[in-house]
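Novice: Pasting the sequence and the predicted coordinates here, then a few questions.
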Amino acid sequence: MSRCRLLHLDRHQTLTAYRRQNDDLLQEGCFTADEAGLNDFSAYLHSHQDAPYRLLSDLADEELVVDNIPFLRGKDRQALIQRRIQQYLNGAQLHTVISLGHIKGRRKEESLLFTGLNKVQHLAPWLQRIAATEAPLAGIYSPLQLNGRLLRQLTGHNPHCLLLTQQADTLRQSYLKHGQTIFSRTTALGNADAKSAALLITGEATRLQQYLVGQRQIEHDARLAVHIIASPKIIEALRASEQNDANRQLTLTDIPSAARQLKLNHASTDAGCEHLFLPLLAHAPPRQQFATAAQRQDFRLWQTRRALTAASFCILLGSALYAGEESWRTQTLHQESAEYASSEMQLQARYAEIAATFPQLDIDNESLRHLTNRHRELQRRQASPEAMFQLLGQVMDEHPRIELENIKWEIAIPETSTAGNHPAAEEITSISGWIRADEHSPRQQTQVSLEQFVQQLRSIPATQLTLTRQPYAISPDQVLRSNEQRDAQTGHFSLFLSRPGSL
């Protein structure tokens, strides 16, 4: 969100609007808390609604309370936090809660930092104008939320320390623990010269250290790190009056040097530390902020519009890419069609050249095509009994007592057929013969030989067999006896084989 605009409200209720461009902060307006200033601010909001706003409140009246609560989750945790807010922050409308981690003891607890803004009445006129113009307010922040990040970027670590920062004509004194501000207060510098301001800063550092010792926040004989960030003149006066102190480790940094360390190009010699906090707020704002959900509703709508716009752009881009791909495919198909048409014309011309060399026939093309199809049909209908005779010969080799007298083979084609389909042909083979047997051979043996012969013929694939004559003329109610008189027709049989033809 690099296109956001920054609003800074100082202790004199003067609001300054900035726009970040690359590494510079460009001032776009300065508004006072009177009616004319509020009207100018409304006009400014109306003309700049293309980006969200982040408000840095430097009214210097925050309430900070650290307390431990039982380790809870969900609605129980939220209900307990709301009760502690009412207890510690006197029902402050603008508040936030920061988790400082978990404490493991006899029972698991969570350490929380309750922070509230007390001078809400000074913020109300500006928030009302923001709501009236429906400007997207991303959040309300305080400098104490940025102290830890400022120190981490300047020193590379987050120690237990005192941080004293000069902001315009005030001095903010903060105590940080693990990079998180847990105590903060402000002192007015007024119009004091650099030497007087340096003495005031040194005295405030000493009094704040004594207060923290009395509150048992630090050990009595502990060496405390003190970081002071102020204007070059005040830092020069502090260095001139610096005295060795066994309980303090003093680190002095002027504001222009800190800006160079943060790679900022805008801080002048008379600028306050707010010019260090504002770029940090623009680059990566804290996760917690003080604005309520109702105050951030327009910002949520702005985010939704941005998301819908981005999605629409992606859909439009995807549609354009798809249309381009389809256009390229269409062009390719047109080129292939043109190539095929040209090739077809060349083949037709070549065919005409070859056809011109053929001998001329006294028949038209339609009659010639009909004769060709008829010739093809006759060739397809030609069939041979060779396959059937081979199968029959193989069976006869295994049954030497069977002798055949007559074999009749024919191909049968049904007269009716469906349109476009050739009629199914059928091979029909009629066989008659007899079983060779001497006078002493029993009829049962002769009957068994015929049954084996018939069974083997039936095993031929796709073949149907019908036995039309038995070797012995007996009725179903007669008993076959071995000593009965043989007649002239005894042993003769006939059968009928059918199978699909190979047309």
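Specialist: Perfect, I can see it now. Residues are numbered from 1 along each chain as shown.
Novice: Remind me what the lengthiest helix in the chain packs against, helices and strands.
Specialist: Longest helix in the chain, counting residues (DSSP state H): helix 297-356. The helices and strands touching helix 297-356, judged by 3 or more CB pairs under 8 Å, 6 or more residues apart in numbering; DSSP states H and E, are strand 137-141. In short, each C-beta sits where N, CA and C put it, glycine included.
Novice: Next, the angle from the strand it packs on to helix 297-356.
Specialist: 140 degrees (axes from the mean of the first three to the mean of the last three CA atoms, to 10 degrees).
Novice: which element follows strand 137-141 toward the C-terminus?
Specialist: Sequence-wise, the next helix or strand downstream of strand 137-141 (DSSP states H and E) is helix 147-155.
Novice: and that following helix, average pLDDT?
Specialist: Across helix 147-155, pLDDT averages out at 88.
Novice: If you count neighbours, what's buried in it?
Specialist: Neighbour-count burial for helix 147-155, with 16 or more other CB atoms under 10 Å as criterion, is recorded at 147-151, 154.
Novice: which ones are touching the nearest residue to Ile218 once chain neighbours are set aside?
Specialist: Residue nearest to Ile218 in three dimensions, not counting chain neighbours: Leu212, with 4.9 Å by CB to CB, 6 or more residues apart in numbering. Leu212 makes contact with 175, 183, 218, 224 under the criterion CB atoms under 8 Å, 6 or more residues apart in numbering.
Novice: How many residues are close by Arg499?
Specialist: Close neighbours of Arg499, defined as other CB atoms under 10 Å, add up to 18.
Novice: on that earlier part again, considering the contacts of Leu212, which is situated nearest to His12?
Specialist: Phe183 (24.0 Å; CB to CB).
Novice: Sketch out the low-pLDDT regions of the stretch 301-450 of the chain for me.
Specialist: 380-381, 413-424, 438-441 (pLDDT under 70).
Novice: ugh, wrong one, I meant the stretch 151-300 of the chain
Specialist: Within the stretch 151-300 of the chain, the segments meeting pLDDT under 70 span 158, 243-244, 266-270.
Novice: re the thing from before, what about the residue nearest to Ile218, which helix or strand?
Specialist: Residue-wise, Leu212 maps onto helix 194-214 under DSSP H and E.
Novice: any idea how far Pro143 is from Ala51?
Specialist: Separation of Pro143 from Ala51 (CB to CB, to the nearest Å) stands at 22 Å.
Novice: For these two, indicate the residue with more neighbours.
Specialist: Pro143 (27 against 17).
Novice: contacting residues around the more buried one?
Specialist: Residues in contact with Pro143 (CB under 8 Å, 6+ apart) are 56, 58, 165, 167, 172, 273-274, 277.
Novice: Likewise for Asp169?
Specialist: 188-191.
Novice: Weed out the non-buried ones from those residues.
Specialist: Restricting the contacts of Asp169 to buried positions leaves Leu189, with burial counted as 16+ other CB under 10 Å.
Novice: Which of the contacts of Asp169 fall within strands?
Specialist: Ala188 (DSSP state E).
Novice: could the contacts of Asp169 go into a markdown table alongside distance to Ala237?
Specialist: A markdown table is the format used below for these (distance: CB to CB, whole Å):
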| residue | distance to Ala237 |
| --- | --- |
| Ala188 | 18 |
| Leu189 | 13 |
| Gly190 | 16 |
| Asn191 | 15 |
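Novice: Can you give me the domain assignment for this structure?
Specialist: When the chain is parsed with automatic domain parsing, its domains come out as 5-61+119-295, 307-353, 382-500.
Novice: Buried deepest among those domains, which one?
Specialist: Looking across these with neighbours counted as mean count of other CB atoms under 10 Å, the highest average goes to domain 5-61+119-295: a mean of 17.
Novice: Dig out what Leu9 forms beta bridges with.
Specialist: Listed beta-bridge partners, Leu9: Leu15, Ser57 (assigned using DSSP bridges).
Novice: so how far is Gln297 from it?
Specialist: Counting by CB to CB, the separation of Leu9 from Gln297 is 21 Å.
Novice: Same question for Gln209.
Specialist: For Gln209 relative to Gln297 (CB to CB), the value is 44 Å.
Novice: And for Ala258?
Specialist: 36 Å.
Novice: Got phi/psi on Glu35?
Specialist: Dihedral angles of Glu35 (phi, psi; degrees, to the nearest 10) stand at phi -60, psi -40.
Novice: residues contacting the nearest residue to Phe71 once chain neighbours are set aside?
Specialist: Closest residue to Phe71 apart from its sequence neighbours, by CB to CB, 6+ apart: Lys108 at 4.1 Å. With contact taken as CB under 8 Å, 6+ apart, Lys108 is in contact with 70-71, 102.
Novice: Most neighbours among these, which one is it?
Specialist: Phe71 (13 neighbours).
Novice: Okay, that residue and Asn39: tell me how far apart.
Specialist: According to CB to CB, Phe71 stands 51 Å off from Asn39.
Novice: how much space between Trp126 and His283?
Specialist: 23 Å.
Novice: no wait, Gln261
Specialist: Distance from Gln261 to His283, by CB to CB: 14 Å.
Novice: all helices in this protein, in order from the N-terminus.
Specialist: Using DSSP H, helices in the chain cover 35-47, 74-88, 120-132, 147-155, 194-214, 232-240, 255-261, 274-283, 297-356, 365-381, 386-398, 443-458.
Novice: Reformat these as CSV; add distance to Leu495.
Specialist: Output for the helices of the chain, formatted as CSV (distance: least, CB to CB, whole Å):
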stretch, distance to Leu495
helix 35-47, 110
helix 74-88, 92
helix 120-132, 107
helix 147-155, 107
helix 194-214, 122
helix 232-240, 127
helix 255-261, 113
helix 274-283, 103
helix 297-356, 56
helix 365-381, 26
helix 386-398, 11
helix 443-458, 7
